[in-house]
Structure formats: C-alpha cells, structure tokens
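**Q** Just a sequence and a predicted model for now, questions to come.
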Amino acid sequence: MSKILFINSVCYGSTGSICKNLYKVAQKNGHTCKILYGRGECPNEFDSVRIDSQFDFYKHVIKAVALDQMCYGSTKPTYILIDEIKKFNPDVIHIHNIHGFYLDMFVLFSFLKKSNIKIIWTLHDCWPYTGHCAHYTYKHCNQWQIECKSCKDTKDYPPSLASHCNKNFKKKKELFCGLNNLTIICPSQWLADDVKKSFLKEYPIKVIHNGIDTEIFQPNESDILNTYDLNPKKIILGVASVWDKRKGLDYFLELDKRLSDEYKIVLIGLTDKQIKKLPDSILGIKRTENAEELAKWYSAAEVFFNPTLEDNYPTTNLEAIACGTPVVTFNTGGSPESAFVPECGYCIKKNVDAFLNILQDIKPIKSIPKNIDMEYMCNSYIDLYK
C-alpha cells in the first residue's frame, strides 16, 4: 500500500473537507496518510502538521497585497513542509490549493522537480495558470491562453495594490512546467478544457467531479420553516460562502421585487452588514458550518437558485440535489455540470426573466443520482493513488 501526503491551505471549507474525506477513504483502503496545511486547525483524528505561523501568514499577506506576490512568501514554513515530506517519504503527494498565504512556490516546486515522487495536483480554481486571478470568466479575459500582460482587476482575489501579473505568469510557467511525474485533476470538464489551453497542457489532465456527504445531505423533514415563521411560503434558496456580484446577489435583489407573495427568498452565507442592507422581504442568514442545518434548508426549499457568474464545480448544487431540491443555474463555468442538467436542474440565460419564465414549471427531482456521493469521488482518486 502507498503513503499519501496531502497539501492544502486549510483543513476546513470545501477543499479542506475534500482532503479529509480522501484521507479517510485512503486509510480505509490500507494507505498511510498525512496532511500538511497552512492555517486554522485540523481535527485530532488526522495525522497532520500545520506548517505556517501567524507571523509568517501576516508577512505573506502584506507581500501579496502590496506587491502582487502571492506564493512568494512563507519561505521558512515551506522548508518545514519539505522536511516533513522527507520524514514521511510519501509515494504520492496530492496537492490542492497552494495559494493561501502559506507557501513559497519557488522553494516547493524546486524541491518537487528534483524528487521522483508521484504528484497529483487538483485545481480548485484557475490561479495556477494565470498571472494573478483565481477566475477570469466574469472579466471575459483570455490573456492566460498566451501570456498575461496586464490584469484587468487586481482587486480580485488575491487582492493587490500593485500589478505584476506578467512577471507572475512567467514565473508560474517556469516553475509549474517540467515536472516528470505530475497528473492534473479538474473537478469539471469546463476547467479541464481551459487547462488544455494553458501552459499546463503538457500534463495528463483528468476530470474527477467533487462529491458530498450524502449521509448528511439527504431529503429530511423538519420544522425549520415554522421556526422562522415561513409556512406556507415556497422557498427560493441561495447559499454561498461569500456573497457578492459574482455569486449573483444582485439577481436575488431584482428577483425579490418581482415575486408573488407565495414565494420567499432565503439567502445563507451573508455578513451582518449585508443582512442589514437586505429588504425585509428577504430572509438573510449568516454563514453556518452546521451541515445538518443546511440540509434542512435545502430540503425545505422549492428550488435552489445559483445565479453564479464565475464558478468551477459548485458543491452547493450537489447538496441541493442530494436533498431532493431542483437547481436553477446560469451557464457559467462548471455550474451546469454540477446541476446535472436536465435530470436535476435547469440552465438558463443570465437574467431574472429567464428564471421567472420557468419558475412555475420546475418539477421535483424524480431520482437522486448516486454518483454525487463523496465515496465515488474518493474511489476515483484511490485508483490514481494505486
């Protein structure tokens, strides 16, 4: 059996959950696993090492914001990471997000090029092959296909006061190309198709869709609508970890003005400031890490509306489907892929009229797909580890 090392910025959120679930399934299959990560905490059940410190983190943030140098800092923590790699001596290194103010890409990839370790790199966004941004569809930018020369918006994540996207593009191309034993994994076919147009096209590129925990996300009855005094309203639900124009918040505000009284919009993941600005007709709820509560909302909703303008393979679509709730989304990135159009969802034009035109025709999901379960995703990775 193999020794598998996972590297990610955090052990929470969507990418952190994927790491932890892969760890569990790999271990169940007889593999020995370890997680190296940058920020936050990791549950004691996992063999893990946090390599970054608060001091290094803030230094890295300053460097990234002031000089547009994400992954140019945290040199000392990266040498700690390399020491941990050498001690663990893995057969496979599974990289997830390297951006996140915790790694020096020069140090890490210089080491990886000298090693003969099998490397799997799951791209959760587009940052590895652009000069600055993690996404570019909202800006309609295709510079990355040839060479990023000037960034259209350095305020995007990772935000920066300066712009050195051309230098960053050339450095990434130099560092990330030329590894002997690297396979790239994309959670969506959309991202895979774009990676094939980038400088990373020299590598084998495979699609493994993300999965979710269907023991938590499944149809269930609850009194959550009574708790919020919403019966007998029909709920139009929106969920995001960060709500902004790119996630479609403005579409919900416009939709609210045009809905009949039988419907109620519920948005989960808002900040206190955003909740205060909402009209009284919309129920705003702060972000929750309580997956069971989230599953109750998905199950109670008439429809899950995901008007995202920039996305890879949103697992919120999968969570809604697993709870028996149909999805409506825009034709953006990999979002239609995770909505399983037309079996479980609807893909519409990017306007409120399109949503209103199909609202009365939305039908319940007849059969919940089995391949959205986390186990399917994990088994595909296990085959790669072997």
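**A** Here it is on my side, so go on. Nothing here was measured: the structure is a model prediction, and the numbers come from that model.
**Q** State which helix of this protein is the longest.
**A** helix 13-28 (DSSP state H).
**Q** buried set for that one?
**A** 14-23, 25-27 (16 or more other C-beta atoms under 10 Å). The way it works is simple: take the backbone N, C-alpha and C, and place the C-beta from them, glycine included.
**Q** Which strands and helices lie in contact with that helix?
**A** Judged by 3 or more C-beta pairs under 8 Å, 6 or more residues apart in numbering; DSSP states H and E, helix 13-28 is in contact with strand 3-10, strand 32-39, helix 374-385.
**Q** tell me the angle the longest one makes with strand 32-39.
**A** Put simply, helix 374-385 runs at 110 degrees to strand 32-39, going by axes from the mean of the first three to the mean of the last three C-alpha atoms, to 10 degrees.
**Q** neighbouring contacts of helix 374-385?
**A** Contacts of helix 374-385 from elsewhere in the structure, counted by C-beta atoms under 8 Å, 6 or more residues apart in numbering, are 2, 4, 18, 21-22, 24-26, 29, 31, 91-92, 94, 120, 183, 185, 206, 208-214, 370.
**Q** Just the element for N317, please.
**A** Per DSSP states H and E: N317 is located in helix 315-322.
**Q** next SSE after that helix?
**A** strand 327-330.
**Q** Tabulate the CA atom coordinates of that next one in CSV.
**A** Listed in CSV are the C-alpha atoms of strand 327-330, where the atom choice follows Å, rounded to 0.1, in the frame of the first residue of the first chain:
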residue,chain,number,x,y,z
VAL,A,327,-31.4,23.5,-9.2
VAL,A,328,-31.6,26.5,-11.5
THR,A,329,-28.2,28.0,-12.5
PHE,A,330,-26.6,30.1,-15.2
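**Q** what's the average pLDDT for it?
**A** Averaging pLDDT along strand 327-330 yields 97.
**Q** by contact count, what packs against the next helix or strand after it?
**A** Stepping forward along the backbone from strand 327-330, the first helix or strand reached (DSSP H and E) is helix 335-338. Other elements packing on helix 335-338 under the criterion 3+ C-beta pairs under 8 Å, 6+ apart are helix 315-322.
**Q** Other residues contacting the helix it packs on?
**A** Helix 315-322 is contacted by residues 14, 210-212, 214, 217-218, 237, 239-240, 294-295, 298, 301, 304, 306, 326-327, 329, 335, 338-340, 344-345, 365, 368-369, 372 when judged by C-beta under 8 Å, 6+ apart.
**Q** Now do it: distance to the chain's middle.
**A** 13 Å (C-alpha atoms, centre = their mean, to the nearest Å).
**Q** I figured P128 hits K172, correct?
**A** Yes. In this structure, P128 sits in contact with K172. The criterion is C-beta atoms under 8 Å, and the distance is 6.6 Å.
**Q** if we can go back for a sec, now the buried members of the contacts of helix 374-385.
**A** Buried by 16+ other C-beta under 10 Å: 2, 4, 18, 21-22, 25-26, 31, 92, 94, 120, 183, 185, 208-214, out of those.
**Q** would you list every one of the strands in the protein?
**A** For the chain, applying DSSP state E gives strands covering 3-10, 32-39, 48-50, 92-95, 118-122, 182-186, 205-207, 234-239, 263-270, 282-286, 303-306, 327-330, 345-348.
**Q** Dump the ones you listed to JSON lines, plus distance to K63.
**A** Rendered in JSON lines, the data for the strands of the chain read as follows (distance: least, C-beta to C-beta, whole Å):
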{"stretch": "strand 3-10", "distance to K63": "16"}
{"stretch": "strand 32-39", "distance to K63": "15"}
{"stretch": "strand 48-50", "distance to K63": "20"}
{"stretch": "strand 92-95", "distance to K63": "21"}
{"stretch": "strand 118-122", "distance to K63": "23"}
{"stretch": "strand 182-186", "distance to K63": "27"}
{"stretch": "strand 205-207", "distance to K63": "31"}
{"stretch": "strand 234-239", "distance to K63": "33"}
{"stretch": "strand 263-270", "distance to K63": "29"}
{"stretch": "strand 282-286", "distance to K63": "31"}
{"stretch": "strand 303-306", "distance to K63": "35"}
{"stretch": "strand 327-330", "distance to K63": "35"}
{"stretch": "strand 345-348", "distance to K63": "41"}
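**Q** Y228: which of these is closest?
**A** Closest of the strands of the chain to Y228 is strand 282-286, at 6.5 Å (criterion: C-beta to C-beta).
**Q** What residues of that closest one count as buried?
**A** Neighbour count says strand 282-286 has I282, L283, G284, I285 buried, by 16+ other C-beta under 10 Å.
**Q** Same question for stretch 140-159.
**A** Going by 16+ other C-beta under 10 Å, stretch 140-159 has these buried residues: C141, Q143, W144, C148, C151, K152, T154, D156, P158.
**Q** What of stretch 342-355?
**A** Along stretch 342-355, the positions that meet the burial threshold by neighbour count (16+ other C-beta under 10 Å) are C344, G345, Y346, C347, I348, V352, A354, F355.
**Q** contacting residues around that stretch?
**A** By C-beta under 8 Å, 6+ apart, the list of residues contacting stretch 342-355 from outside reads 251, 254-255, 258, 305, 307, 309, 317, 321, 326-332, 336, 339, 341, 358, 362, 365, 367-369.
**Q** Let's see the PyMOL selection covering just the buried ones among the residues you listed.
**A** If you want just the buried ones from the contacts of stretch 342-355 in PyMOL, going by 16+ other C-beta under 10 Å, the selection is:
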select buried, resi 251+255+305+307+309+317+321+326+327+328+329+330+332+336+339+341+365+368
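**Q** Any chance of the buried residues of stretch 342-355 in CSV with distance to D194 and pLDDT as columns?
**A** Shown next, in CSV, are the buried residues of stretch 342-355 (distance: C-beta to C-beta, whole Å; pLDDT from 0 to 100):
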residue, distance to D194, pLDDT
C344, 24, 95
G345, 22, 95
Y346, 24, 96
C347, 19, 96
I348, 22, 96
V352, 28, 97
A354, 25, 97
F355, 27, 97
